[in-house]
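>>> Make a model of this:
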Amino acid sequence: MMLPVQAAASATSLPQTVQAQYEVTLNGAPVGIMHDHYEARDGRYRIVSETHATGILALVQRRPARVVSSGEVHATGLRPLSFEATRGNDSRRIAAEFDWKNRTLTLAHDGRSETLPLPGGTQDRLSALYQFMFIGADRLRDISFAMTNGRKLDQYRYTLGSDSALDTPLGRMAVIHLVKRHAPGETATEIWLARDRSLLPVRMRIIEDDGSRYEQTLLKLDTGAAAAP
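Presented below is the predicted three-dimensional model:
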């Protein structure tokens, strides 16, 4: 049975803060280091993700790419209210505003804005990675949800992949491997979640329609005090 992301909350206590560091590669070559900071307190959350270019790319990309998601924490998980992203030296802002009362999503990019209907359980591309914490591992066999990157709103559906363990810089970890269902020519996405680390992402792989392969792999992970959602 296909389950929407917001259908179930984990009964396990969850961290109030998460500090994570990832190596980012393009076609196997290191291109950046990503730093994530997640904090949830008093019914609110905020996630900040900054990616600093490394190697030759750092010579031309001096400013980090920055993504921020903030909103509310409910029993069913994260409910974004705002999302924004900037890309390194490009100062143009991409943003999304979630109006849950009126069920509308306003996207702003490239000097224009548009308003769309807001499906229940919609995530942004940053909150989606931390929403898995609120879903029990046994509920991840087949899940679907709407997600925005600030430019568009897409429907995502993930099913279980074959991997049950993964070698990482932090050692071998038991994982849940999720694979996005996609049509030929669409972006392929895989996510590996740590079973013993609150279902936080260990690795993510994105393969674009032109064959470009992006990966982020966990290098460091620190979690703060836990609190039941």
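
>>> what pLDDT does Ser91 get?
The model reports Ser91 with a pLDDT of 69.

>>> Is the spatially most central residue of the chain in a helix, a strand, or coil?
Nearest to the mean C-alpha position of the chain, by C-alpha atoms, centre = their mean, lies Leu129 at 2.9 Å. Following DSSP: H, G, I helix; E, B strand; the rest coil, the label given to Leu129 is helix.

>>> and the closest residue to it other than its chain neighbours, how many neighbours does it have?
Of all residues not flanking Leu129 in the chain, Pro201 sits nearest, at 5.2 Å (C-beta to C-beta, 6 or more residues apart in numbering). Yep, even glycine has a C-beta here, placed from its N, CA and C like the rest. As a burial measure, Pro201 scores 23 neighbours (other C-beta atoms under 10 Å).

>>> pLDDT weak spots in this protein?
1-12, 88-89, 91, 225-229 (pLDDT under 70).

>>> farthest residue from the center of it?
In the chain, the residue that sits farthest from the middle, by C-alpha atoms, centre = their mean, is Leu59; the gap is 27.3 Å.

>>> Identify the residues contacting the biggest strand by length in the chain?
When the chain is scanned for its longest strand (criterion: DSSP state E), the result is strand 29-41. Outside of strand 29-41, the residues within contact range by C-beta atoms under 8 Å, 6 or more residues apart in numbering are 14-25, 45-55, 57, 65, 73, 130, 216, 219, 227.

>>> angle of the helix or strand just after it against strand 29-41?
Per DSSP states H and E, the first helix or strand lying C-terminal to strand 29-41 is strand 44-53. Going by axes from the mean of the first three to the mean of the last three C-alpha atoms, to 10 degrees, strand 44-53 is angled at 160 degrees with respect to strand 29-41.

>>> Outside of strand 44-53 itself, list whatever touches it.
Strand 44-53 has contacts (C-beta under 8 Å, 6+ apart) with 24, 31-39, 58, 60-62, 64-73, 78, 88, 126-127, 130.

>>> now the residues you listed: which count as buried?
Using 16 or more other C-beta atoms under 10 Å as the burial test, the contacts of strand 44-53 include 24, 31-36, 38-39, 61, 64-65, 67-71, 73, 78, 88, 126-127, 130 as buried.

>>> secondary structure class for the residue farthest from the centre of the chain?
Classification of Leu59 using three-state DSSP returns helix.

>>> So it versus Thr86, what's the distance?
To Thr86, Leu59 is 19 Å away according to C-beta to C-beta, to the nearest Å.

>>> just Arg44 next, same as before
22 Å.

>>> So between the two, which is more surrounded?
Per other C-beta under 10 Å, whichever of Arg44 and Thr86 has more neighbours is Thr86, with 17 against 12.
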